[in-house]
Structure formats: C-alpha cells, structure tokens
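**Q** Build me a model from this:
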Amino acid sequence: MEPSFSYWERTAFINNSDVIIIGSGIVGLSAALNLKRKQPGLNITVLERGFLPSGASTKNAGFACFGTLSEQISYLKRSSEEEVLRLVDYKWRGLQKLRENLGDGSIEYHQYGGYELFMDDEAETAEESLDQLTYFNNLLKQVIGNADIYAVADAKIAEFGFNKISHMIYNPFEGQIHTGKMMRALLNKVYSLGILVLNDCGVNSIDNEDGHIRLNTSQGNFKTAKVILATNAFAAKLYPELDVIPGRGQVLVTKPIPGLKIKGTYHFNEGYYYFRNIDNRVLFGGGRNIDFKQEETLDFGHTEEVKTQLAQYLNEIILPGQNAEIDYWWSGIMGFGEDISPIIKEVQSNVFCAVRCNGMGVAMGSLVGEEVAKLALR
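**A** Numbering: from 1, shown residues only. From the prediction side, this is the model:
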C-alpha cells in the first residue's frame, strides 16, 4: 500500500528531485557532490536501503592502496601493459581526489606504507615478484612519479614478529584511513550542500514513463528526471545483465594488544588476505579465495571455514604465540567482474550506473562518482 505522505513531505522530500542517486556509499555520495558542484541549482536526493550505507563503503578495511606487486603481475597476465598502467593511474588519482575532497585529518589518512608478505611455501611466487620488481617500478613511475615504489624489505620480518614469512616487499606510497570517519565526512559534505539523503528506502524497480522516471521503493513511489545507480554488487538486482558478481569479505578486529609492532597495511596471497593496525588492534580480513562460489553472495554473515582460517593465520603468522582475542567480526559485499575496470554507462534512457569497483572502492570511488556525474549531466 502507498504510504500516506503529507503535502509537506511530498513537496519537500518525495517529488522534489531532479536527480535521484541509489546508494549512499563512496560512489553515490561522490556523484552527488560532483553534480551539485557543476550545477548548484539541482535538487538531488540519495536513497539508501540500509540504516547505514549497505555493501562495502562502511565495512571495508580502510586501505588506501593501488595494488601489490603480485596483484600487478596477475593483472598483466590477463590484460595489457597499457591497461595495468591505466588502472593504477585511475586508483592513484582516485586516492588523491578522496584526500582533496575530504582532507587527510577528517578521514585519518596516514601514509605508513604497505607490505606484501610471502610465506615459506610461496618461493615460486616470491621469486616471480622479485624478478618483476624493477620492471613494474619503471612502468608505474609514469603514474606515481617515482621509480622507488616496490622494494625488498626482508630485514623487517623479524622486527614485526611474523612467523612462516620468507620475503616481504615494501611500498611507501600506500596509506590507510578510518572508513567510518571517511563516510561521515562525505555525508557532512553532501548535507552542507543541501543534498537530501533518505535511509531505509530500498528501490524495487525503475521505470521510464511519460517523460520522467518512476522509482518504486519500500517507502512508496518517487519521480525524477535522471537516476544514478551506485549500489555496486547489488546493481544486478535491478539490472541482471550487468557483469557484476558479488564477493563477500569477512573481517575480524582483535582486542587491544599492548606493544603492537604492526604499523601500515599488509597483504598476502595476491591480496586475498589483508591486515593493518587500528587503535592498537589488528584488523584482519579475507579468505574469499577459500571458496569463491560460496562467497559470491549478497548475504552478509560468516562461514566457519573462513573464520577458522583467519583465526589460524592471525595466531600462527601475524601474532604468533600471542593468542590474540577477537573482539569484532563483520562482513561486507564487494562487486567484481571479469573486466578489472568499473562499469560507468547509461543502462536505459536517463538511468546511469557506476558499479563494479573490484574491491578497490576506497581508491576508485571518488573518480567513479565524478565520471558518472559528468555522464549524467551530458
């Protein structure tokens, strides 16, 4: 049944939008910011199905990075040198745009650097990465502006106290942020520009009719001239033809650890596992590669296989012998595809999508939002 809205509600909230953006994550809010900056007179409404932004924007690990060396090698094997360079450039510019938009202080950005770890039984992968190190440093210099990007850091393995790790590669250009504070800063920006954000409003269908677009939602019908879909992995619910495959990331955070030696961002197993410091705790996530099909889900939650593996790696490799206690568990849903580039296009007349960040929403989201805003304004 159609909700009974007052005249005030209808004129100020429901039927007052030139553009409706679906999804209040990094991409959706960045699109809203860019639309308002280009055309200040636009009435923009953002619809969010969750109490907080659902998906990955408030559930990611807060890594401000553009890819480990083994990830770049993996990309090159299924793509071209030009495409690898273009994607690194995109992520690097996206990170600078995020910092420029919000300020380092408001998102707690720290450039402590990042490390890629290779286990004792990964000798072949480590050797391949070390062999390719100079090549990728020279390649990515065109984007980063410095050839000293990846460097051997084996001497620090003992300093961090890791176990069963034989090699480590350091990247000084990686940083970390506080994901929650980033999203609050983004929300404060859009609020200050008069952009309306409505939560607990899921969109069921989008229809073109009589010169406008009608959105059927859990809170009734909305009308607008243009729509931007920024729901990443959940986009296929409305447009199944989009090549977006969900991927669940499971994450834990330990209780505070006195004298924690870890500082920076860390990856291993081609980035499928990742950890960092936060408030004297360790945040550790990943394990999607244990069973890709099982993790291709839109359901939040956990599996015993992944939880067991994360706990085992935590206590055997990252914090050996410390029996660290786990304080929090959560999961986020990312959007992936065969193509490693995001999808930014018009899916039907005056309906535009900006989805599939391939697990790199923090790095890509600001630019993806900017690009879809430009497309919608055309």
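**Q** C-alpha from now on. contacts and neighbour counts both.
**A** Will do.
**Q** Please spell out which residues along stretch 188-202 are buried.
**A** K189, V190, I195, L196, V197, L198, N199, C201, G202 (16 or more other CA atoms under 10 Å).
**Q** What segments of the stretch 1-150 of the chain are strands?
**A** Counting by DSSP state E, counting those that start in this stretch, the stretch 1-150 of the chain has strands at residues 19-22, 44-47, 63-64, 114-119.
**Q** Among these, which comes closest to Q348?
**A** strand 19-22 (14.6 Å; CA to CA).
**Q** Okay, buried residues for the host helix or strand of S331 please.
**A** Per DSSP states H and E: S331 is located in strand 326-336. Burial within strand 326-336, assessed by neighbour count using 16+ other CA under 10 Å, is assigned to I326, W329, S331, G332, I333, M334, G335, F336.
**Q** re earlier: nearest to G41 among the buried residues of stretch 188-202?
**A** I195 (10.8 Å).
**Q** so the residue nearest to the closest one when sequence neighbours are not counted bridges to which residues?
**A** Among residues not flanking I195 along the chain, I44 sits closest, at 5.4 Å (CA to CA, 6 or more residues apart in numbering). Beta-bridge partners recorded for I44 (DSSP bridges): V19.
**Q** Now do stretch 45-60: distance from first to last residue.
**A** One end of stretch 45-60 to the other measures 24 Å (CA to CA, to the nearest Å).
**Q** Show residues contacting it.
**A** 17, 19-26, 28-29, 32, 179-180, 183, 195-203, 231-234, 330-334, 361-362 (CA atoms under 8 Å, 6 or more residues apart in numbering).
**Q** residues contacting K156?
**A** Applying CA under 8 Å, 6+ apart, the residues near K156 are M168.
**Q** Confirm that it sits in a helix.
**A** Yes - per DSSP: H, G, I helix; E, B strand; the rest coil, K156 lies within a helix segment.
**Q** mind listing which of the buried residues of stretch 188-202 are in strands?
**A** Cross-referencing the buried residues of stretch 188-202 against strands under DSSP state E gives L196, V197, L198.
**Q** of all those residues, which comes closest to A64?
**A** Using CA to CA, those come closest to A64 at V197, 25.8 Å.
**Q** Give me the distance between that closest one and K181.
**A** Distance of V197 to K181, given as CA to CA: 17 Å.
**Q** same thing with E100?
**A** From E100 across to K181, the span is 15 Å (CA to CA).
**Q** Looking at these two, which is more packed in?
**A** K181 (15 against 10; other CA atoms under 10 Å).
**Q** and the more buried one, helix, strand or coil?
**A** With three-state DSSP as the criterion, K181 reads helix.
**Q** could you list every residue that touches it?
**A** S106, I107, E108.
**Q** of those, closest to L117?
**A** Nearest to L117 among the contacts of K181, with distances taken as CA to CA, is E108, at 24.8 Å.
**Q** OK, contacts around that closest one?
**A** Taking CA under 8 Å, 6+ apart as the test, what E108 contacts is Q176, I177, H178, K181, M182.
**Q** Quick one, which of the residues you listed are buried?
**A** Here, 16+ other CA under 10 Å leaves Q176, I177, H178, M182 buried among these.
**Q** Check whether the third one really touches I107, as I assumed.
**A** Just to be clear, that refers to H178. Yes - in this structure H178 lies within contact range of I107 using CA atoms under 8 Å: 5.6 Å.
**Q** Give me the average confidence score over stretch 153-165.
**A** For stretch 153-165, mean pLDDT is 96.
**Q** Kindly report the same for stretch 24-42.
**A** 98.
**Q** buried sites along it?
**A** 24-36, 42.
**Q** Please identify which of those is nearest to F275.
**A** I26 (21.4 Å).
**Q** Next up, the contacts around that closest one.
**A** Here I26 is in contact with S57, M183, L186, G361, V362, G365, S366, G369 (CA under 8 Å, 6+ apart).
**Q** ok, now with 10 Å
**A** Residues in contact with I26, defined by CA atoms under 10 Å, 6 or more residues apart in numbering, are 53, 56-58, 98, 182-183, 186-187, 230-231, 361-369.
**Q** cool, R248 as well?
**A** When contacts are counted by CA under 10 Å, 6+ apart, R248 is found next to 55-56, 233, 286-288, 292, 294-302, 331-335, 359.
**Q** Who is it paired with across the strands?
**A** Beta-bridge partners, per DSSP bridges, of R248: I333.
**Q** Return the distance of K223 relative to P342.
**A** 27 Å.
**Q** V227 reaches V203, doesn't it?
**A** No - V227 is beyond contact range of V203, at 11.5 Å (criterion: CA atoms under 10 Å).
**Q** Between these two, point out the one with more neighbours.
**A** V227 (28 against 21).
**Q** Can you classify that one by secondary structure?
**A** strand.
**Q** That one and A31: what is the separation?
**A** Taking CA to CA, one finds V227 at 11 Å from A31.
**Q** got any residues that touch both of these two?
**A** I21, V46, A376.
**Q** so what's the last one scoring on pLDDT?
**A** pLDDT, the model's per-residue confidence, is 98 for A376.
**Q** okay, the closest residue in space to it that isn't next to it in sequence: pLDDT?
**A** Take A376 and drop its neighbours on the chain: the residue closest to it by CA to CA, 6+ apart is F352, 6.7 Å away. Per-residue confidence (pLDDT) for F352: 98.
**Q** F352 pairs with what?
**A** Here F352 sits in beta bridges with I228, E346, going by DSSP bridges.
**Q** Confirm for me that it is in contact with L229.
**A** Yes - checked against CA under 10 Å, the pair F352 and L229 is within contact range at 6.0 Å.
**Q** Which of the two has more residues huddled nearby?
**A** Set side by side, F352 and L229 show more neighbours around L229, with 25 against 22, by other CA under 10 Å.
**Q** how near is the more buried one to S57?
**A** 15 Å.
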